[in-house]
Structure formats: structure tokens, C-alpha cells
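>>> missing the sequence, but the structure's below:
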């Protein structure tokens with residue numbers, strides 16, 4: 001009987017993960033002083049590192065929306081649109097590092113860091129802003145967050161000139177837009193300038 005019970009527990013890793021996440025959320029949400037901030041942080045699931053985000057593949061259908069008092073902690077550039085809680089980066093000992101989604105042509109992942117009491121420390125878009133809908137334009141934006149909290153953001157782009165007859169293939173350019181940063185122990189970060197490289 002004991003062997004059956006042990007097998008049953010181990011055969012449901014999702015349950016273990018949910019318990020771990022709830023336990024982590026309980027620990028981190030004991031810290032904030034403000035009830036609204038506590039409720040805001042609780043909407044973000046803890047993410048595993050290393051993490052890769054492909055912005056064109058983001059699916060918001062299962063993500064919690066950010067509304068009401070949540071907008072006290074994130075900027076709302078497009079009133080009436082749905083902003084989402086993407087996730088919370090480990091670890092949360094000294095500060096909170098959240099990723100939330102700002103709707104645009106595609107969802108733009110935004111990284112915001114807060115002190116344990118809810119003071120905003122740093123904020124920036126994780127993407128490089130290269131994607132668009134111009135003639136002959138293709139993009140493939142990827143964001144990588146490593147275990148040491150270093151971040152590499154890149155967009156592989158193809159674009160060309162167009163006229164009344166459509167795309168001009170002979171003007172095709174293939175290039176990447178890249179920026180990097182690393183989140184400090186104090187929660188602060190600043191991205192490098194975006195560099196374009198032909199390939």
C-alpha cells in the first residue's frame with residue numbers, strides 16, 4: 001500500500017509544482033506592506049531560468065489580466081487594452097522582478113523591478129522593437145534570461161524596399177538588432193544601446 005501511495009504522489013509532478021508555487025507565493029507575499037501590491041505580485045507565477053521568450057509565440061489566453069489597483073504599479077499607455085501578468089523571476093529575497101505584457105502590434109514583454117515594499121526600481125521593454133508590418137518585412141524576436149539574470153534580446157530581421165509594383169528583392173537586407181543587460185542584486189538594470197549587425 002505504501003508503494004502505491006508513493007507512486008501516486010510521484011506520478012503527478014504538476015501537483016508538486018503547484019504546491020511549490022503556492023508555497024513560494026505565500027513566502028513572498030508575506031513581505032509587501034501594501035495589500036494592493038501584495039495582490040498584484042500574487043498574480044505572477046514564478047518562472048524557471050534559463051527562460052526563452054519568443055514574442056511572436058506569446059499566448060495570453062491563460063494569463064491573468066492586470067487591472068484596477070494593478071495599474072498603480074505598471075504604466076498603462078493604451079487604456080482599454082488587456083495587459084497581462086507573464087511571470088516573476090527568481091529569486092525574490094531582495095526584490096521582485098516581474099515580466100508583464102503590454103499590447104501593441106504584438107505583445108511587448110516589459111521587465112519591471114520593485115523593492116519588497118513596492119517601490120519601482122527599474123523598468124524597460126525586453127524586446128528590441130524591430131518587429132513591424134512594412135512591405136517585405138519579417139522578424140523573429142527572441143529574449144533569453146539566464147540563471148545569472150543576464151539578458152540577451154535579439155530580433156532577426158529581413159526587409160527590402162518596395163514600390164508601386166511591390167517588393168524589390170534585390171534590395172533585401174538581413175540583419176539582427178541586439179541589446180543586453182544584467183539585473184543587479186539591488187534590482188536595478190540598464191540595457192545596452194541596440195546594435196544592428198548584418199548577417
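It's in. Just so it is clear, the model here is predicted, and its values are computed rather than measured. Numbers count the residues shown, from 1 in each chain.
>>> for this structure, which residues score under the pLDDT cut-off?
1-32, 130-134 (pLDDT under 70).
>>> quick check, central residue of it?
Nearest residue to the geometric centre of the chain (Cα atoms, centre = their mean): residue 99, 3.8 Å.
>>> and it, helix, strand or coil?
Assigned state for residue 99: strand (three-state reduction, DSSP: H, G, I helix; E, B strand; the rest coil).
>>> find the nearest non-adjacent residue to it, please.
Excluding the flanking residues, the one nearest residue 99 by Cβ to Cβ, 6 or more residues apart in numbering is residue 86, at 4.2 Å. The way it works is simple: take the backbone N, C-alpha and C, and place the C-beta from them, glycine included.
>>> my read: that neighbour touches residue 102, true?
No: when contacts are counted by Cβ atoms under 8 Å, residue 86 is not listed as touching residue 102 (10.3 Å).
>>> between the two, tell me which one has more neighbours.
Under the neighbour definition other Cβ atoms under 10 Å, residue 86 and residue 102 were set side by side, and residue 86 has more, 23 against 19.
>>> where do the helices sit along the chain?
Under the criterion DSSP state H, helices of the chain are mapped to 2-10, 13-29, 35-42.
>>> tell me, how many residues neighbour the closest residue to residue 55 other than its chain neighbours?
Excluding its sequence neighbours, the residue lying closest to residue 55 (Cβ to Cβ, 6+ apart) is residue 141, at 4.4 Å. A count of nearby residues for residue 141, using other Cβ under 10 Å, gives 24.
>>> what residues are bridge-paired with residue 141?
The partner list for residue 141 in beta bridges (DSSP bridges) reads residue 155.
>>> for it, give me its contacts.
Under the criterion of Cβ atoms under 8 Å, 6 or more residues apart in numbering, the contact partners of residue 141 comprise 54, 55, 56, 127, 128, 130, 131, 153, 154, 155.
>>> separation between it and residue 123?
According to Cβ to Cβ, to the nearest Å, residue 141 stands 19 Å off from residue 123.
>>> for the residue nearest to residue 55, give its distance to residue 108.
Distance of residue 141 to residue 108, computed by Cβ to Cβ: 10 Å.
>>> shared neighbours, the two?
Residues touching both residue 141 and residue 108 by Cβ under 8 Å, 6+ apart: 55, 127.
>>> follow-up on the earlier one: residue contacts, the residue nearest to the centre of the chain?
Contacts for residue 99 (Cβ under 8 Å, 6+ apart) come out as 44, 47, 53, 86, 87, 88, 89, 109, 110, 111, 126.
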